[in-house]
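[1] dropping a prediction and its sequence here:
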Amino acid sequence: MIIKQPIRYENDPATLEATWVDASGAVIKCHAYSNGQMDMLRADLGADAPQYEALLAQVEAEYVPPEPPTLAERQAEIVARIQALEDQHLMPRITRETIIALAEERAVAMGLTIEYLRAKNKGYAGLKTLDEQSAALRSQLP
């Protein structure tokens, strides 16, 4: 494979497009490499990589890491995920926790273990799983 002129676009300087052709000039492969994929491009270039090293270094230097989400954004995302879970199951936290508490109270009064209740009562098991998922998300709140 022969590489045609690699293209670095002005509107996206952190990407390099490389096109490979055969001896007749027919395109064999065309790939856009982001700045994080320069090692892949070096491997694709093989022995020709050193002649493009300056260009590859320029593309790598264009990397700008994304801004991490703010605390408020992370909190909003977690709260939205909890809300989506509750909406999906039509079970707000207060209702879910009340039903779980009542079921556990009655099971204990009947001499049953919580493990037995969970194994034999699919409704309780489903609510308990939902409650655990919600609790795991709440634990991620900063």
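    Nice, I can see it.

[2] separation between the closest residue to Leu130 other than its chain neighbours and Tyr124?
    Closest residue to Leu130 apart from its sequence neighbours, by Cβ to Cβ, 6 or more residues apart in numbering: His89 at 5.5 Å. (C-beta placed from N, C-alpha, C; glycine too.) Look at His89 and Tyr124: by Cβ to Cβ, to the nearest Å, they are 14 Å apart.

[3] neighbour count winner among the two?
    Taking other Cβ atoms under 10 Å, His89 and Tyr124 do not tie; Tyr124 has more neighbours (19 against 15).

[4] any idea how far the more buried one is from Pro66?
    42 Å.

[5] center of the chain, which residue is that?
    Glu77 (13.1 Å; Cα atoms, centre = their mean).

[6] counting neighbours, what do you get for the nearest residue to it once chain neighbours are set aside?
    Among residues not flanking Glu77 along the chain, Pro69 sits closest, at 7.2 Å (Cβ to Cβ, 6+ apart). For Pro69, the neighbour count with other Cβ under 10 Å is 11.

[7] likewise Thr15?
    Thr15: 16 neighbours (other Cβ under 10 Å).

[8] any idea how far Leu90 lies from Asn121?
    Using Cβ to Cβ, Leu90 is found at 19 Å from Asn121.

[9] more crowded one of those two?
    It is Asn121, of Leu90 and Asn121, that has more neighbours when counted by other Cβ under 10 Å, with 15 against 7.

[10] which residues touch that one?
    Neighbour list for Asn121: Ala103 [criterion: Cβ atoms under 8 Å, 6 or more residues apart in numbering].

[11] which strands and helices sit next to the helix or strand of the chain with the lowest mean pLDDT?
    Sorted by mean pLDDT, DSSP states H and E, the helices and strands of the chain end with strand 2-3, the least confident at a mean of 82. If contacts are counted by 3 or more Cβ pairs under 8 Å, 6 or more residues apart in numbering; DSSP states H and E, strand 2-3 sits against strand 15-21.
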